[in-house]
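# Dropping a prediction and its sequence here:
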Amino acid sequence: MKRISLLTLVFAFLSLVFITLLVFLRFKFPPYPLMSYQDVFDILTPLALIPVYWLLFKYSGSDRPSLAEEIVFCVFAALWVEGQGMHLSANSIDNLIDALARNQVLNIKPSDIYSLTYFFDEHLGHYLWHIGMIGLAVLLVYREWRYPAGATTAWWAAIPAGIIYGFTYFCIFIEGQAVGLGLPFVAIGLAFALIAGRKKLGQRPVLAFFFVVCLLAFLLFTGWGLYWNGFPQFSDVGLL
């Protein structure tokens, strides 16, 4: 059964499109020019990804999820959606503030309005979103580990899916200034897969997917940190 590996590939592709590539749509949305196309399409992000999370959660185990597992899923999914939505709106306002200041129309960056917007955008919003993201990943691996579905890993899907999502994961935590949260998770995930799950990767497609994710993300974090002697955002080094 290769359904789970295919779901990880779909999940990785959707994550790349809705989380990473939307940044290139930062131009005005004509029906409401205060917004950008990025803002508009970002509204669809949880609608595209949370159902795929649920399908992975459902099919990763052989048994029907318990009530406790479903509650945990709902809590982390709610954190994911709350944080992503908070980031979406605050980031849109932040972009508008930057544009007004850059065009010398109005500069409110020294004000408390900007400070609060930045807090919701770059701190609270990101951390709620990322905690939900990591929590869902741990839940998926836990469920598959405890109740294996008897599926075989389709490496032709798991490897590209892991590479795509590993790159996306790296971008999310670098630009979200949350490497202190993202790097330990991939280090622990990589160690777990190599030590406890090394001989089971062929029968644990979710674990195999996250193994590739953690491996690539760990290498990217390490390379980025060594090159820059720290973990600056892409925008801080002129890449956005």
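Sure, I can see it.
# how far away is G189 from F209?
Note on G189: its distance to F209, by Cβ to Cβ, to the nearest Å, is 11 Å. Bear in mind the C-beta positions are built from the backbone N, C-alpha and C, glycine included.
# list the contacts for the residue nearest to V81 when sequence neighbours are not counted?
Excluding the flanking residues, the one nearest V81 by Cβ to Cβ, 6 or more residues apart in numbering is P46, at 4.7 Å. With contacts defined as Cβ atoms under 8 Å, 6 or more residues apart in numbering, the neighbours of P46 are 80-81, 84-85.
# In terms of pLDDT, where does P46 sit?
P46 carries a pLDDT value of 96.
# re earlier: farthest pair in the contacts of P46?
For these, the farthest-apart pair by Cβ to Cβ is W80 and G85; their separation is 9.5 Å.
# For these two, indicate the residue with more neighbours.
With neighbours defined as other Cβ atoms under 10 Å, W80 and G85 compare such that W80 has more, 24 against 17.
# since we're on the closest residue to M35 other than its chain neighbours, how many residues are nearby?
Excluding the flanking residues, the one nearest M35 by Cβ to Cβ, 6+ apart is F29, at 4.6 Å. Counted by other Cβ under 10 Å, the residues lying close to F29 total 15.
# so what's the backbone phi/psi at F29?
The phi/psi pair for F29 (degrees, to the nearest 10) reads phi -90, psi 110.
# Could you look up the SS state of A48?
Following DSSP: H, G, I helix; E, B strand; the rest coil, the label given to A48 is helix.
# didn't it look like it was pressed against F18?
Yes: if you go by Cβ atoms under 8 Å, A48 and F18 touch, sitting 5.6 Å apart.
# more neighbours, these two?
Between A48 and F18, counting by other Cβ under 10 Å, F18 is the more crowded of the two (20 against 16).
# got the contact list for the closest residue to that one other than its chain neighbours?
Closest residue in space to F18, ignoring its immediate chain neighbours: T45 at 4.3 Å, by Cβ to Cβ, 6+ apart. The neighbours of T45, taking Cβ under 8 Å, 6+ apart as the test, are 18-19, 22, 84, 88.
# which residues touch L128?
By Cβ under 8 Å, 6+ apart, the residues touching L128 are 79-80, 82-83, 86.
# From L219, how far off is N107?
40 Å.
# now F27
Distance, F27 to L219, by Cβ to Cβ: 33 Å.
# So for the two, which sits in the more crowded spot?
When neighbours are counted by other Cβ under 10 Å, F27 and L219 differ, and L219 comes out ahead with 14 against 10.
# tell me which element I113 is part of?
helix 112-118 (DSSP states H and E).
# follow-up on the earlier one: name the residue in G189 and F209 with the higher neighbour count.
Using other Cβ under 10 Å as the criterion, G189 and F209 rank with F209 on top: 31 against 23.
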